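**Student:** Here is a sequence together with a model predicted from it:
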Amino acid sequence: MKKFLLSFIILSSSSFLLSSCGKGESKEIVRISHNQSATHPTNIGLIAFEKYIEENLGDKYDVQIFPNELLGSQVNTVELTQTGAINFTVASNAILESFDDIYQVFNLPYLFTSKEHYHTVMDDSSIIDPIFKSTAKSGFEAVAWLDAGTRNFYTVKKPIESPKDLEGLKIRVQQSASNIRMMELFGGSATPMGFGEVYTALQQSVIDGAENNELALTSNKHGEVCKYYSYNMHQMVPDIVIGNLKFLEGLSSNERDIFNQGFQIISKVQREAWGSSVEKAIEQAKEMNVTFIYPDVLAFQEKVLPLHNEVLAGTPKLKPIYDSIQKVGKNLIVEESK
Ligand code: GCU
């Protein structure tokens, strides 16, 4: 809270809006917030963006990256991006559903049948562009997606071998109604909180476990406390880079082209770094004495698949998007069998 107040004070002060670049000229600061560490693939992608923008528009823009929730948790920084206090933030798709319900679709458990399915859908502009533009009324739009791997359960004491093992356990979920409902269907007790609070909550036994990709064990040190990681593979939830709409619309067409190029660079560099980072995280986690468990995924799937129809019934506008996603999956299976 203290951290957030501090950033509020800094951002409210107009003297911080421009950075001096000598001879009385000033550059516009482009602030980007995220909640990962400096060595995480997301930060590596953003550094490549900073370099590209400053190489091409460095006389006008000074890109500044704020990692580690320095400007607040994702929910806070999406709000700061809406108002224009900051220009960009990286937000998990999970929390974006409370800003526009269209984002619920990518929070559905077992939506994607493989990494290839996930990437093909997220790279398909006919599916993604309308979603990315859909939040204009909320003051922001999405400009890129980032890989956040596959989410799995991990726990302090009790290994999760089947959904039954989740009964009675308090499991941290992201602040999203879909995720809370998903945990209910799995049989665990959902405890929503921001990412930065999870380590202490695990350590102090406020929660019994959490769910995330492997990097949470190492980059966020959750593996120091949690010794069991179960590959039940319930979600592939992308991270989404969102930008303040007024800022984006205020760019000249040449600047916008350069920024668009920069957004593609974030995705490309982040994705290249992702695969090896996960492999490294698994090795490091083993050294931290984390045991990896491979349960029967079908048993987990059965529990939560009813959520698909529940969400589609509640938000009918998702149906055509959902159908397109299914179609991409089926086409990939047909291709493979040829
Ligand atoms: C992943 C994801 C983050 C998200 C976090 C979480 O690390 O990349 O964007 O905030 O999960 O569980 O909150």
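**Tutor:** Looks like it came in fine.
**Student:** buried set for the longest helix along the chain?
**Tutor:** In the chain, taking DSSP state H as the definition, the longest helix is helix 253-287. For helix 253-287, burial by neighbour count (16 or more other CB atoms under 10 Å) applies to 255, 258-259, 262-263, 265-267, 269-271, 273-274, 277-278, 281-282, 284-285. For glycine as for every other residue, the C-beta is placed from the backbone atoms N, C-alpha and C.
**Student:** tell me the phi and psi of whichever residue of the stretch 201-338 of the chain sits closest to the ligand?
**Tutor:** Per CB to the nearest ligand atom, Asp239 is where the stretch 201-338 of the chain lies closest to the ligand, at 4.5 Å. The phi/psi pair for Asp239 (degrees, to the nearest 10) reads phi -90, psi 150.
**Student:** Going forward, count from 39.
**Tutor:** Sure, I'll start counting at 39 from here, so that last one is Asp277.
**Student:** Return the list of helices and strands in contact with the longest helix of the chain.
**Tutor:** helix 79-95, strand 178-184, helix 253-256, strand 329-331 (3 or more CB pairs under 8 Å, 6 or more residues apart in numbering; DSSP states H and E).
**Student:** Out of those, the one nearest the ligand is which?
**Tutor:** Closest among those, once you apply CB to the nearest ligand atom, is helix 253-256, at 5.8 Å.
**Student:** Give me the contacts around that closest one.
**Tutor:** Helix 253-256 is contacted by residues 78, 187, 192, 236, 248, 260-261, 264, 267, 315-316, 318-319, 322-323, 326, 328 when judged by CB atoms under 8 Å, 6 or more residues apart in numbering.
**Student:** how about the helices of this protein, start to end?
**Tutor:** Under DSSP H, the chain gives helices at 40-50, 79-95, 112-121, 131-134, 153-160, 163-171, 215-224, 236-241, 253-256, 283-288, 291-325, 335-342, 344-352, 357-375.
**Student:** mind exporting stretch 304-316 as CSV, just the C-alpha atoms?
**Tutor:** Taking Å, rounded to 0.1, in the frame of the first residue of the first chain, the C-alpha atoms of stretch 304-316 are listed here in CSV:
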residue,chain,number,x,y,z
ILE,A,304,8.2,-7.2,-27.3
SER,A,305,6.3,-10.4,-28.3
LYS,A,306,9.1,-11.8,-30.4
VAL,A,307,11.9,-11.3,-27.9
GLN,A,308,9.7,-12.3,-24.9
ARG,A,309,8.6,-15.5,-26.7
GLU,A,310,12.2,-16.4,-27.7
ALA,A,311,13.3,-16.0,-24.1
TRP,A,312,10.3,-18.0,-22.7
GLY,A,313,11.1,-21.6,-23.6
SER,A,314,14.7,-21.6,-22.2
SER,A,315,13.5,-19.7,-19.1
VAL,A,316,11.0,-22.4,-18.3
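**Student:** near the ligand at all, that stretch?
**Tutor:** No: against the ligand, stretch 304-316 shows no contacts by CB under 6 Å from any ligand atom, the least distance being 10.3 Å.
**Student:** Is Ala186 in contact with Asn251, as I believe?
**Tutor:** Yes: if you go by CB atoms under 8 Å, Ala186 and Asn251 touch, sitting 6.0 Å apart.
**Student:** Looking at those two, which one has more neighbours?
**Tutor:** More crowded of Ala186 and Asn251, by other CB atoms under 10 Å: Ala186, with 24 against 20.
**Student:** Can you pull the residues of the chain lying near the ligand?
**Tutor:** Checking the chain against the ligand by CB under 6 Å from any ligand atom, the hits are Asn73, Gln112, Ser130, Ala186, Gln212, Phe233, Asn250, Ala254, Asp277.
**Student:** one more time with 8 Å
**Tutor:** Residues of the chain lying close to the ligand by CB under 8 Å from any ligand atom are 72-74, 80, 112, 128-130, 132-133, 184, 186-187, 189, 210, 212, 232-233, 236, 248-251, 253-254, 258, 275, 277.
**Student:** Please indicate which of those residues are buried?
**Tutor:** Counted by 16+ other CB under 10 Å, the residues of the chain next to the ligand give 72-74, 80, 112, 128-130, 132-133, 184, 186-187, 189, 210, 212, 232-233, 236, 248-251, 253-254, 258, 275, 277 as buried.
**Student:** Which residue, other than its chain neighbours, is closest to Arg189?
**Tutor:** Gln273 (4.3 Å; CB to CB, 6 or more residues apart in numbering).
**Student:** No further queries at this time; thank you.
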